[in-house]
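Trainee: Compute the structure for the input listed below.
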Amino acid sequence: MNSIWMKIAGVAVVAIVVIVVAGRFTSDKPASTSSTPAESKQAEKPKTFYDVADRDKQFAQVPTPAESEPAAAQQPPAVTPPPPPQPPAQASPQLPADDVVLPSSITQRRDLYFKPLEEEDDIAAQQLLPWVAAGRSIGRLPMVQYGLMVKACRQAEERWPDSIYAFRAKQALEEISERYAANYKITRQELDIARFLKPRPGMQAIPVDPIRR
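Mentor: Numbers count the residues shown, from 1 in each chain. Model (predicted):
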């Protein structure tokens, strides 16, 4: 009789040991913690010179007209679908009291109108834009300022005033802080992009995106 109770007691002890050991292994596993949105959101690192320089490269990028599909590749559908809904008309930027439209008024992708350049002028203008982007980055360094960039921008505006290159120059000039803009005598009229908002003879529509902040 005693041997039976001893066996039962032994089985009970073994069961307890198994439960304890299993509990320890379970507790050793890393618990999944649910973090709040504030905790999971990584703190934004301050931008370095190289980060800003990478952003400045956009001033050297020239948008191109959207290529239409060749007529030969277009095949009429078997069934004529209903006409798609017309997109809303592009709203023109509001003109301030002095009738100056700043580049920053472009807040969404829209068509602007520019004069295509001859090949020789286009190559010369493309070679000028990298100086604009580099001049913006270098201008942030101590004791350097933006003289290189301002000179390149004004050269683009003077030589090709109706081109996409002049528009890029105006975008770059607008982003100079007021203190430096005053030093280089940059006026609101120099930044005006009103001439690019409406089609004119000899102009080409090019979709333009707002500046990436």
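Trainee: just the strands in this protein please.
Mentor: Taking DSSP state E, the strands of the chain run over residues 110-114, 204-208.
Trainee: which one of these lies closest to residue 177?
Mentor: Among those, the nearest to residue 177 by C-beta to C-beta is strand 204-208 (23.8 Å). Just so you know, the C-beta spots here come from the backbone N, C-alpha and C atoms, and that holds for glycine as well.
Trainee: quick one: contacts of that closest one?
Mentor: 63-66, 106, 109-116, 164, 167, 199 (C-beta atoms under 8 Å, 6 or more residues apart in numbering).
Trainee: now, which of those residues sits nearest residue 157?
Mentor: residue 167 (9.3 Å).
Trainee: thinking that closest one is in contact with residue 102, fair?
Mentor: No: taking contacts as C-beta atoms under 8 Å, residue 167 lies outside contact range of residue 102: 11.7 Å.
Trainee: Those two - which one has more neighbours?
Mentor: Set residue 167 next to residue 102 and count neighbours by other C-beta atoms under 10 Å: residue 167 wins out with 25 against 16.
Trainee: Now residue 176: phi and psi?
Mentor: phi -70, psi 140 (degrees, to the nearest 10).
Trainee: Chain neighbours aside, what residue packs nearest to it?
Mentor: residue 146 (5.7 Å; C-beta to C-beta, 6 or more residues apart in numbering).
Trainee: Next: residue 196.
Mentor: residue 112 is the one closest to residue 196 (C-beta to C-beta, 6+ apart), at 4.3 Å.
Trainee: Break down the protein into its helices, ranges please.
Mentor: Ranges of helices in the chain, per DSSP state H, are 2-28, 37-40, 49-56, 119-139, 147-159, 164-174, 178-183, 188-191.
Trainee: So residue 193 is in contact with residue 110, correct?
Mentor: No: Residue 193 is beyond contact range of residue 110, at 11.5 Å (criterion: C-beta under 8 Å).
Trainee: more crowded one of the two?
Mentor: Per other C-beta under 10 Å, whichever of residue 193 and residue 110 has more neighbours is residue 193, with 21 against 16.
Trainee: Quick check: the gap between that one and residue 138.
Mentor: 25 Å (C-beta to C-beta, to the nearest Å).
Trainee: What's the local residue count around residue 137?
Mentor: Using other C-beta under 10 Å, residue 137 has 19 other residues around it.
Trainee: can you check residue 171 too?
Mentor: Neighbour number of residue 171 under other C-beta under 10 Å is 22.
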